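Novice: predicted structure and sequence below. I'll ask about it afterward.
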Amino acid sequence: MKEDIRIGVFVCHCGTNIGGFVDVPSVVEYSRTLPGVIYATGNLYTCAEDGLASIRDAIKEHHLNRVIVASCTPRTHAPLFQGVCEEAGLNKYLFTFVNIREHCSWVHMKEGPKATEKAKDLVRMGVARAQLLEPKEEARIDVEPKALVIGGGISGMVAATSIANHGFPVYLVEKEADFGGFVRNLNNLYLGGKDATEMLKPIVDQVTSNKNIIKCLKSKVAGVDGFIGNYQVALDVDGKEVKDKVGVIVLATGADEYVPEGLFGYDLYENVVTLTEFEILCKRKTLPKISSIAFIQCVGSRGHVKSYCSRICCNVAIKNALNIAENYQNILGKDERGAVVEKVGVDMKAPEEIAERRRRRRGRRDREGGEEEAEAPAPSEGIEIAIFNRDIMSYGLEHELNYNKAREKHVRFVRYSPANPPKVYTENGKLVVDYWHDTLKLQRKMNVDMIVLSTPLVSPPSAPGISKLLKVPLGQDGFFLEAHVKLRPVDFATDGIFVCGTAKGPADITECVFQAQAAASRAAIPLARGYVQAEALTAIVDADICTGCGTCIEVCPYGALRKNMDGVAEVIVAACKGCGCCGATCPEGAIDLSHYTDSQLLAEAKAALQEAIQ
Amino acid sequence: MMATNAEKLVDESTASEEWDPKIIVFCCNWCSYAGADLAGVSRLQMPTDFLVIRTMCSARVDPEFVLRAFAKGADGVLVAGCHPADCHYIGGNYRTRRRIAILRVLLEQYGFDPDRLRLEWISASEGEKFQKTIREFTERIKEIGPNPLKED
């Protein structure tokens, strides 16, 4: 038994904003002639208290079960009028907004009667829609108060600790046998120069001592199914399968360093290493004795192999240059014959030419006798350091100072153009960087004992698999893609899954910690609240019509559709955002979108064209 | 010369008074509807012949809606959505783009001028683009003439 439709129409003058251009009384009069309209009135300002009161009173007095306000835009005023409807006991989804200000009076100020006719058309469309509206309830979905953090590097550990400190159990899944991730490779850290192991230790200790963190080493995620609040996860913990339900997932799977195969003699000469390999040499104290070293920046990045700038390498190269200039004894291996020594004569003295030049420079300084000049330390132990770069990006507050400091320490910054990069080869058993000096306009050579290539951080090979498993997107560069670069930087578009750290692009430790704490606090919101409010606007599948072709599952950007036991599509209400893409795609017309149903939209279109069809 | 121009103007204005097209505009809630709102707030004047129907996403616009609108006598249908890569629902507008492209081919096969259907990306900050689009589209529809189904 269908209820009687009793519509109330409230047409707003909005002072003169509407009333000055649209004949409001005639629109009210016209509204009364439309089917289902029991009551119609004009208000000077519908959004003012007396306007709102007139809605409330009319709902009670005339037993209205649909309310239409014809005034401004739903984008600003819908919540206000919906609230009034709810106060008067009317479900807010039975309210219809008709925009006769922004879309009519304000853009047709010189059209006179035509604007009034258009306002009538718009009200007629609203009435057609209102007749088909249905009350809706927003479903509440319970959230399992547990989290899963994938990746036990610095970001994962910080995120897990943060969530655990909120009081929620956290699975921390790490594929290696130890926590620490990429940072375990590093020697010391820029800004402060603290030893990486020392920095890592308290963070690892916090994880290992935290009772709320379920530590899963040598583990991986085998399966994920479900939606926010109810993710069924299967973990492979050192060969054993663990299954549990978690409410949220934080992705912190990190990045790898790009291996520059075929670039700058990396595969040919042992003393050509990457930035991280250099860090490892320093950390293990196996750095051979060197008298000259060259860093080459942007190897494989910024359009070379990868399109992006890896951001951190300039600062890291400067840090390492300063380490050599200031702290050489401490990073030098005690055993001066490390693995690298044997191949190239790294123990050689500086070439005569360079030594001679240095003698001359020193002599000049002695003669000039400037105090500052005399005190300025030459590169430690007379080691020549050059950083070949396209441009130095020492972004951040203190990095620029480090850059200046490096220049004061006589680290040479030599610019090269991507069209004419330096060449690396050996001459008489020694490594040579052959480069075009753009300022001198001369082709120069530099003899070096070691070359360090600054290669970008890249997305690990495991990323596509994880992306498929969690149904979260990867960007063009292979890193995970957040929901919005500025407004939702640690969320995925899929509710309940968050991302932090280098999994989402090159970042330094400070930035990873920011992101991890941000992701943890975002993840803690549904956990702490205990429930999520589902959208009332969701897709609805008519199981009788659905043929189970699966097209909707393919097009849904949120993974909100799946096939049920009967082989037909089923909407996961908690995951659906109500865009309606599936409905427009379904070849059988089996999917509709609540509150924007096919029939409602077509009724609007039909009402709009009423004059046209005669 | 002047007189002929003036005559022409009078002719055109009387001609347009004789026939006002009916144009349905599907606007996505997040970008284009807001862009239309901005056009209003900025008092950008435009012809009255369009009526906006709000959908959540431009991808909600089922090709069937467009065909039915034409069947019911619409002279033009404009679908407006977020710019590529800016869709509130990740990538709905890419699907819209494909659907509209195919739909235009279909319309042509049915003997409709494909220009009766237009897709436009209008962001929330593009009130002027909304005005320009409505003006151009109305002009174009007037050139093409009334929906052929209406003559029957």
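Specialist: Everything's here; your move.
Novice: wait, A:C512 touches A:V499, no?
Specialist: No: under the criterion of Cβ atoms under 8 Å, A:C512 makes no contact with A:V499, lying 11.5 Å away. Backbone N, C-alpha and C define where each C-beta goes, glycine included.
Novice: hey, where'd the strands end up in chain B?
Specialist: Secondary structure of chain B (DSSP state E): strands at B:23-28, B:50-55, B:76-81, B:117-121.
Novice: nearest to A:Y596, of those strands?
Specialist: Ranking these by proximity to A:Y596 (Cβ to Cβ) places strand B:50-55 first, at 5.9 Å.
Novice: what helices or strands is that closest one leaning on?
Specialist: If you count contacts as 3 or more Cβ pairs under 8 Å, 6 or more residues apart in numbering or on different chains; DSSP states H and E, strand B:50-55 packs onto helix A:113-130, helix A:598-608, strand B:23-28, helix B:32-41, helix B:127-144.
Novice: and the first one, what's buried?
Specialist: In other words, helix A:113-130. A:114-130 (16 or more other Cβ atoms under 10 Å in any protein chain shown).
Novice: how about B:L103, nearest residue that isn't a chain neighbour?
Specialist: B:P63 (5.2 Å; Cβ to Cβ, 6 or more residues apart in numbering or on different chains).
Novice: what do you get for A:G303?
Specialist: A:P418 (6.8 Å).
Novice: ok, A:A325 next?
Specialist: Nearest to A:A325 is A:K409, by Cβ to Cβ, 6+ apart, at 4.1 Å.
Novice: just to check, the one you found is in contact with A:N327?
Specialist: No: the pair formed by A:K409 and A:N327 falls short of the contact definition of Cβ under 8 Å, at 10.9 Å.
Novice: neighbour-wise, which of the two wins?
Specialist: A:K409 (18 against 14; other Cβ atoms under 10 Å in any protein chain shown).
Novice: so the more buried one versus chain B, what's the distance?
Specialist: 45 Å (Cβ to the nearest Cβ, to the nearest Å).
Novice: what do you get for A:C552?
Specialist: 12 Å.
Novice: can you list the neighbours in contact with the helix or strand that contains that residue?
Specialist: Under the criterion of DSSP states H and E, A:C552 resides in helix A:551-555. Residues from elsewhere that reach helix A:551-555, judged by Cβ atoms under 8 Å, 6 or more residues apart in numbering or on different chains: A:539, A:541, A:561-563, A:569, A:581-582, A:585-587, A:591, B:95.
Novice: give the rounded mean pLDDT of it.
Specialist: Computed over helix A:551-555, the mean pLDDT rounds to 92.
Novice: whichever residue of the stretch 301-450 of chain A sits closest to chain B: what secondary structure?
Specialist: The minimum distance from the stretch 301-450 of chain A to chain B, using Cβ to the nearest Cβ, falls at A:S307 (16.0 Å). Here A:S307 is coil, with the state taken from DSSP: H, G, I helix; E, B strand; the rest coil.
Novice: name the nearest residue to it, sequence neighbours excluded.
Specialist: A:S307 sits nearest to A:D477 (Cβ to Cβ, 6+ apart), 6.5 Å away.
Novice: neighbours around the one you found, how many?
Specialist: Using other Cβ under 10 Å: A:D477 sits among 14 other residues.
Novice: can you check the one 5 residues further on too?
Specialist: For A:E482, the neighbour count with other Cβ under 10 Å is 24.
Novice: then B:L51?
Specialist: For B:L51, using other Cβ under 10 Å, the count is 22.
Novice: do the one 3 residues further on as well
Specialist: Residue crowding around B:R54 was assessed by other Cβ under 10 Å; the count is 23.
Novice: report pLDDT for it.
Specialist: 96.
Novice: in the sheet, who's paired with it?
Specialist: B:C27 (DSSP bridges).
Novice: these two touch, right, it and B:Y33?
Specialist: Yes: using Cβ under 8 Å, B:R54 is in contact with B:Y33, at 5.3 Å.
Novice: what sits in contact with each of these two?
Specialist: B:C27.
Novice: so who does the closest residue to A:A524 other than its chain neighbours touch?
Specialist: In this structure, A:A524 finds its nearest non-sequential neighbour in A:H166, 4.8 Å apart by Cβ to Cβ, 6+ apart. Going by Cβ under 8 Å, 6+ apart, A:H166 touches A:A520, A:A524, A:L527, A:A528.
Novice: report the separation between the residue of chain B found nearest chain A and A:C85.
Specialist: Nearest residue of chain B to chain A: B:G40, at 2.9 Å (Cβ to the nearest Cβ). Noted for B:G40: a distance of 24 Å to A:C85, by Cβ to Cβ, to the nearest Å.
Novice: show the contacting residues for the closest residue to chain B within the stretch 1-150 of chain A.
Specialist: Proximity of the stretch 1-150 of chain A to chain B (Cβ to the nearest Cβ) peaks at A:E102, 2.9 Å away. Listed by Cβ under 8 Å, 6+ apart, the contact set of A:E102 reads A:C72, A:T73, B:A36, B:D37, B:A39, B:G40, B:V41.
Novice: out of the residues you listed, which end up buried?
Specialist: Buried among these (16+ other Cβ under 10 Å): A:C72, A:T73, B:A36, B:D37, B:A39, B:G40.
Novice: could you check the pLDDT of the residue nearest the centre of chain A?
Specialist: Central residue of chain A (Cα atoms, centre = their mean): A:E482, 2.6 Å from the mean position. A:E482 carries a pLDDT value of 89.
Novice: tell me the spacing between the spatially closest residue to it that is not a sequence neighbour and A:G501.
Specialist: Sequence neighbours aside, A:P489 is the residue nearest to A:E482 in space, at 5.3 Å (criterion: Cβ to Cβ, 6+ apart). Between A:P489 and A:G501 the computed distance is 12 Å (Cβ to Cβ).
Novice: those two: which is more packed in?
Specialist: Per other Cβ under 10 Å, whichever of A:P489 and A:G501 has more neighbours is A:G501, with 32 against 17.
Novice: check contacts around the more buried one.
Specialist: A:G151, A:G153, A:I154, A:S155, A:G156, A:A252, A:G254, A:A507, A:C512, A:Q515, A:A516.
Novice: repeat that with 7 Å
Specialist: A:G153, A:S155, A:A252, A:G254, A:A507, A:C512, A:Q515, A:A516 (Cβ atoms under 7 Å, 6 or more residues apart in numbering or on different chains).
Novice: same deal with A:I228?
Specialist: A:D495, A:G496, A:P526, A:V532, A:A574, A:A575.
Novice: just the pLDDT for it.
Specialist: pLDDT, read off for A:I228, is 91.
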